[in-house]
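Participant: quick check, what structure comes out for this input:
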Amino acid sequence: MGKVSKEDLAFPVDLLEIAVEFSGMAPRVPGVKPWYYMPLVLLAHVIYVNGYLCTSLYLLSERPFFDKMESLQCFLSLFHMFAKYCNVHYNTSPYRRLLATARHIWEEGVRLRPQYHKLTADIANEAKLSMKLILLLFAGAVPTSSVMTFIYNMQVESKDRETLYMVWDPVPDESWYWTSCLYEGSVMALSLMLLATSLAACYWHCLMAAGQMRVLQTMLEEDKVDIKACAILHQNILGYVKQIQDYFSGQMFLEVVLASLQNSMRAYMCMKMFSNGDPKAIGASFILVLCMIGPFIVCLSGHVVTDNSEKVFIAAYQGKWYASDVRDQRGLAIISTMATKIIRLHYRGLLDFNMERYSMVQQATYSYVTLLKGADVDLV
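Facilitator: Reported below is the predicted structural model:
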């Protein structure tokens, strides 16, 4: 086993804190207001709200029905983004308590369980990599779509040029083309930043809880099980997951419920545009893919917690409990009994968040698309 450095065992929260601070959701240092950029973030939000509102009202009277529907979806997405922003920004104390719990469990494990440092370092690397992938996935959307649009615009006349995402144009006058691109790009970048940060924070915490369950599994599979240490860690995990549940379940529910409705409408519009040869189909498809990633990350977050919770019960039985003394067997029996209740992230008991739920979301999306197609609604 290779030696693990102190840097490898550091609490892997730096990238998450930077993303949360940069998005304007919460300051990185408790009690310190990020005054140097917060006014810009708030100003961007004000422009975001009024810009979408004004363009929505304008499109209702002047543009084709497809543009009206797209404007309506964007306007609804505004409240979706604001909900994610407010979930952190106006609940800073619970957010800090959640991070403090994660840090306490992590540092206690590093201090008291040096034999598991290699596993702890692997968990830290997974958390860092997941954060980078999620943020990069959404951050890369703006330049990627911009390049696609500029390539298209180079092949057409100026009067036929499209805006960045080829979905809807807030200022249709071609003399305001670059202003439209700047406006739409800024709004999209801000939206994706809020979405990526919220999803990354949810998945990061679930991954950290699942990582501690992996440590617990390894401890239970040892020849000589430290019952007290296992019980304390299991109690800490249960408390941590409850905090995750209380903090993120509302946002996870919103993400899943909106997914099937919004994705079905976008998928249907993409089908209609492709059949009519509309170049905006490229941008609409790009937005559709991004909308499908959100519920996937939410359901994956719940899945990693549930999957590792099931493995804790299996590990408690597969260890050499029969070779332990009676006192340790009693302790293992209590841990096994508690582990039989599989940990599930859910919203008020109405629905669980797991990959089965994501499959149901996709099935519902397909059903709604089939319904719209059967109704033959002409959107373009």
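Participant: can you list the low-confidence ranges for the stretch 101-250 of the chain?
Facilitator: Scanning the stretch 101-250 of the chain for pLDDT under 70 picks out the ranges 141-146, 148-150, 152-153, 156, 158-177, 179-180, 183-187.
Participant: switch to 90 and redo it
Facilitator: Scanning the stretch 101-250 of the chain with the threshold set as pLDDT under 90 gives 112-115, 131-201, 220-230, 247-250.
Participant: all strands of it, in order?
Facilitator: Taking DSSP state E, counting those that start in this stretch, the stretch 101-250 of the chain contains no strands at all.
Participant: contacts only, for Ile105.
Facilitator: Met208, Gln212, Leu233, Asn236, Ile237, Tyr240 (CB atoms under 8 Å, 6 or more residues apart in numbering). (Each C-beta comes from the backbone N, C-alpha and C, glycine too.)
Participant: farthest pair in those?
Facilitator: Using CB to CB, the contacts of Ile105 span at most 13.1 Å, a distance reached by Met208 and Leu233.
Participant: go ahead and confirm Ser336 touches Phe313.
Facilitator: Yes - here Ser336 reaches Phe313: they are 6.5 Å apart, a contact under CB atoms under 8 Å.
Participant: between Met208 and Leu233, which is the more surrounded one?
Facilitator: A count of neighbours by other CB atoms under 10 Å puts Met208 above the other of Met208 and Leu233, at 26 against 23.
Participant: ok so, going back, using TSV, lay out the contacts of Ile105 together with distance to Tyr247.
Facilitator: Listed next are the contacts of Ile105 as TSV, based on distance: CB to CB, whole Å:
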residue	distance to Tyr247
Met208	13
Gln212	17
Leu233	21
Asn236	17
Ile237	16
Tyr240	11
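Participant: closest to the centroid, which residue in the chain?
Facilitator: For the chain, the residue nearest the mean C-alpha position is Leu199 (1.6 Å; CA atoms, centre = their mean).
Participant: tell me how many other residues crowd the residue lying closest to that residue once chain neighbours are set aside.
Facilitator: Spatial nearest neighbour of Leu199, excluding adjacent residues (CB to CB, 6 or more residues apart in numbering): Ile297 at 4.6 Å. If you count neighbours by other CB under 10 Å, Ile297 ends up with 22.
Participant: then Ser324?
Facilitator: Neighbours of Ser324 using other CB under 10 Å come to 17.
Participant: gap between it and Ala316?
Facilitator: Going from Ser324 to Ala316 by CB to CB, to the nearest Å gives 12 Å.
Participant: that'll do, ta.
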